[in-house]
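Chemist: structure of the sequence below:
(chains A and B)
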Amino acid sequence: MIDMSDVYDKINDLTKRRGFVWPTSECYGAVAGFIDYGPLGSMMKRRIEDVWRSFYVIQEGYYEIECPTIGQESIFIASGHVKGFSDKMFQCPHCKEYLRADHVVEGGGIAGASTMSEEQLSAALAPITCPACEEVIGTVEVFPFNLMFQTTIGPGSQRSGYLRPETAQGMFTDFQRLLRFYRDKLPFGAVQIGKSYRNEISPRQGMIRLREFTQAEAEIFVHPDEKDHPRFARYAGYEVPLFGQTQQQENSAPLVMTMREAVDTGIIANEYVAYYLALTHQLLVRIGVKPDRLRFRQHLPDELAHYAEDCWDAEVRSDRFGWVETVGIADRTDYDLRAHEKQSGQSFTVFIQYETPKRVQRRRVVADMGALGPKYRGKAKDIADALATTVPGPDGITVTVGSEQFFVPKDLYKIIEEEVDLPGEEVRPHVIEPSYGIDRMCYAVLEQSYDEEIVDGEERRVLRLPPLVAPVQVAVFPLMNRDGLDSIAEQLTHTLHEHHILAEYDDSGAIGRRYRRQDEIGTPFCITVDYDTREDQTVTIRDRDSMAQVRVPVDRVPGIISDLIEGKRSFSTICP
RNA sequence: GCAUCGAUGGUCUAGAGGUAUGACUUAGGCCUUCCAAGCCUAUAGCCCGGGUUCGAUUCCCGGUCGAUGCACCA
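Modeler: The predicted model follows:
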């Protein structure tokens, strides 16, 4: 009935007009890839983040941390972003087009381009024709384009720093502190909501692809051999549409199945990943994503990061952009902790006690320091340490210390065979990472909430936002701004504020106009003070979606509105 | 980043080498006893920089932003 084909344009228009999202620093000309959240957008975004917190922090018990958005170079050397987050590019000398060197080389029929050096790529490109202008490329320089914003820390040192391309690294670099905080037990998790930065080459698509964006990420550290979620029962029967590798390859529809089935049949790698798929589904639906516009797509083997065991994207279908990746849920194994261990030289393991100590046979090489000392002098200690980690030969042991080799005859050490009780072992946890793009969630919610209908021959624009995320929670109107109705309405507004409800008072213009104003920004309920209020202390509550009204005593309003916002009851169950 | 097209009050829009039309919105007032009613009044605009010109919002060049395609990215 209503043409929704250019919903994106309508959303863009509405969000600009009504203060949800603005182009940034417009007075100097906006910059692509950056946006400002206006008053209502900031409020809505905050509410969405708070729903996220209610799941991850309150329900799951993973506390939130807050790390700097600028990180020193070592972090991103370890994470692989310094090296791996850059594309090797070149500029076609003829048409000035910037192109991915490896893609063009592969397109030219040469295999293995992804592992080539810049020089090799440059050489390989020379005889290939440019896919943009079809000229033979010829001599060209291949250069790395890193998606990270680089900066320097401090005035003199010129120490290199980067704006973080994801919030995740903070949870990894704080691993040992977090482990202690959670009293040395697995599993535990920490989350972070904050800004991340990627210097996209050509961002478009409004809120979908930004150079500065908000992520909400959880890093859950689990025992590598225990990927059964302790509270899996919560979501075992929860059904989710799964667009697995097989369905994608066979071009078939997503399978709807319970998480129990998905894990048992091996479609999802383990209970942890399945658990957060289901949780994500529940979360996205709660903020206003329609279930029929939501699916979980598994990464195909060639797009799966080499270290990841399994990865699923929650995709939300947009009228304008198709299926948009909005959340990524990955089992990253111990890749990140291992990388930081290597880069920092620190330990990123957890000591796990066995239930009963393990009795093991152990053979130790113990040096006779009384003999080694006089013989090797200053090097005796190093030699003894080296002995401890070697396997003895029949007559002695040859050890390497520094660049020197020493043959240590067998009478200078003793071999001790012993049985010892091992109380436990050092384990490097695996990481389960649900990573949410908050801006994309905001856009999805706006797009899917947008509706138009004809009421009495007039178009009504309404954002059918869930009350939980609507920026303004309730509006209060006096039917007439006189006869004392206005002061009663103002008083009610104050009372609502005292109940921590964001209520907006409006007495300007006809009552119908005021309803429509609130409809357009998604305010779920409007309260009207009329002449009856003066007689019997009742007001009407009007529901945004049905436009229906019920009359209730004014002193019950705060309680009813709170219940409606929190979803403890629905509008249709309100009785006078 | 390349190519094409575009940019006029908050929004939509008319327009011409001589500072701009109309509607909606917003604000104030009148009116109005529940869904953008009516009347009066007001606020508010030619994307930025340079060039041509007596004069440029209009023509030219460059930039910014946006749309589309390519490329890139997720």
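Chemist: can you give me the helices in the stretch 301-450 of chain A?
Modeler: Secondary structure of the stretch 301-450 of chain A, counting by DSSP state H, counting those that start in this stretch: helices at A:335-344, A:369-376, A:380-388, A:438-449.
Chemist: what angle do helix A:369-376 and the third one make with each other?
Modeler: Going by axes from the mean of the first three to the mean of the last three CA atoms, to 10 degrees, helix A:380-388 is angled at 120 degrees with respect to helix A:369-376.
Chemist: does any bit of the longest helix anywhere in chain A sit next to RNA strand B?
Modeler: Of all segments of type helix in chain A, defined using DSSP state H, the longest is helix A:271-287. No. If you take CB under 7 Å from any atom of the strand as the test, helix A:271-287 misses RNA strand B, and the best it gets is 14.9 Å. C-betas here are computed from N, CA, C, even on glycine.
Chemist: of the helices of the stretch 301-450 of chain A, which is nearest RNA strand B?
Modeler: RNA strand B lies closest to helix A:438-449 among these, at 8.0 Å (CB to the nearest atom of the strand).
Chemist: chain center to the closest one: distance?
Modeler: Chain-centre distance of helix A:438-449: 15 Å, with CA atoms, centre = their mean, to the nearest Å.
Chemist: likewise for stretch A:204-219?
Modeler: Using CA atoms, centre = their mean, the offset of stretch A:204-219 from its chain centre is 9 Å.
Chemist: quote the end-to-end distance of that stretch.
Modeler: One end of stretch A:204-219 to the other measures 29 Å (CA to CA, to the nearest Å).
Chemist: okay, which residue is most central for chain A?
Modeler: A:S435 (2.2 Å; CA atoms, centre = their mean).
Chemist: quick check, pLDDT for it.
Modeler: In this model, A:S435 is scored at 96, pLDDT.
Chemist: so what's it bridging to?
Modeler: On the basis of DSSP bridges, A:S435 is bridged to A:E217, A:G328.
Chemist: quick revisit: give the pairing partners of the next helix or strand after the longest helix of chain A; include direction for each.
Modeler: Next helix or strand after helix A:271-287 toward the C-terminus (DSSP states H and E): strand A:294-298. Here strand A:294-298 has these sheet partners by DSSP bridges: strand A:239-243 (parallel), strand A:310-318 (antiparallel).
Chemist: ok, now how distant is the nearest residue to A:A278 once chain neighbours are set aside from A:V104?
Modeler: Excluding its sequence neighbours, the residue lying closest to A:A278 (CB to CB, 6 or more residues apart in numbering) is A:Y235, at 3.6 Å. Distance, A:Y235 to A:V104, by CB to CB, to the nearest Å: 45 Å.
Chemist: how many neighbouring residues does A:L492 have?
Modeler: By other CB atoms under 10 Å, the residues close to A:L492 number 23.
Chemist: that one belongs to a helix, doesn't it?
Modeler: Yes. Secondary structure of A:L492 (DSSP: H, G, I helix; E, B strand; the rest coil): part of a helix.
Chemist: so it touches A:A475, yeah?
Modeler: No. Contact criterion CB atoms under 8 Å: A:L492 and A:A475 do not qualify, at 11.0 Å.
Chemist: need the residues touching each of these two.
Modeler: Listed as contacting both A:L492 and A:A475 by CB atoms under 8 Å, 6 or more residues apart in numbering are A:A503, A:I527.
Chemist: what does the stretch 301-450 of chain A put close to RNA strand B?
Modeler: A:E303, A:R320, A:E325, A:G328.
Chemist: for the last one, list the residues it contacts.
Modeler: If you count contacts by CB under 8 Å, 6+ apart, A:G328 has them with A:C311, A:W312, A:D313, A:A314, A:E433, A:P434, A:S435.
Chemist: what two of these are the furthest from one another?
Modeler: Of all pairs drawn from the contacts of A:G328, the greatest distance, 13.2 Å, lies between A:A314 and A:E433 (CB to CB).
Chemist: give me the more crowded residue out of those two.
Modeler: Taking other CB under 10 Å, A:A314 and A:E433 do not tie; A:A314 has more neighbours (28 against 22).
Chemist: the residue lying closest to that one once chain neighbours are set aside: how many residues sit nearby?
Modeler: Closest residue to A:A314 apart from its sequence neighbours, by CB to CB, 6+ apart: A:V327 at 3.8 Å. Using other CB under 10 Å, A:V327 is surrounded by 24 other residues.
Chemist: and what of A:E64?
Modeler: Counted with other CB under 10 Å, A:E64 comes out at 15.
Chemist: please report how far it lies from RNA strand B.
Modeler: 22 Å (CB to the nearest atom of the strand, to the nearest Å).
Chemist: endpoints of stretch A:313-326, how far apart?
Modeler: Per CA to CA, stretch A:313-326 runs 7 Å from first to last residue.
Chemist: buried residues in that stretch?
Modeler: Buried residues in stretch A:313-326, counting neighbours by 16 or more other CB atoms under 10 Å, are found at A:D313, A:A314, A:E315, A:V316, A:R317, A:S318, A:R320, A:F321, A:V324, A:T326.
Chemist: which SSE is the closest residue to RNA strand B within chain A in?
Modeler: Nearest to RNA strand B in chain A, going by CB to the nearest atom of the strand, is A:G512, at a distance of 2.3 Å. Assigned by DSSP H and E, A:G512 falls within helix A:511-521.
Chemist: quick check: mean pLDDT across that helix?
Modeler: For helix A:511-521, mean pLDDT rounds to 95.
Chemist: just the CA trace of it, in CSV.
Modeler: This file holds the C-alpha atoms of helix A:511-521, laid out as CSV (Å, rounded to 0.1, in the frame of the first residue of the first chain):
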residue,chain,number,x,y,z
ILE,A,511,-3.8,17.9,20.0
GLY,A,512,-3.6,15.8,16.8
ARG,A,513,-0.5,17.6,15.6
ARG,A,514,1.1,16.8,18.9
TYR,A,515,0.3,13.1,18.6
ARG,A,516,1.8,13.0,15.2
ARG,A,517,5.0,14.7,16.3
GLN,A,518,5.5,12.1,18.9
ASP,A,519,4.6,9.3,16.4
GLU,A,520,7.4,10.4,14.1
ILE,A,521,10.0,10.1,16.8
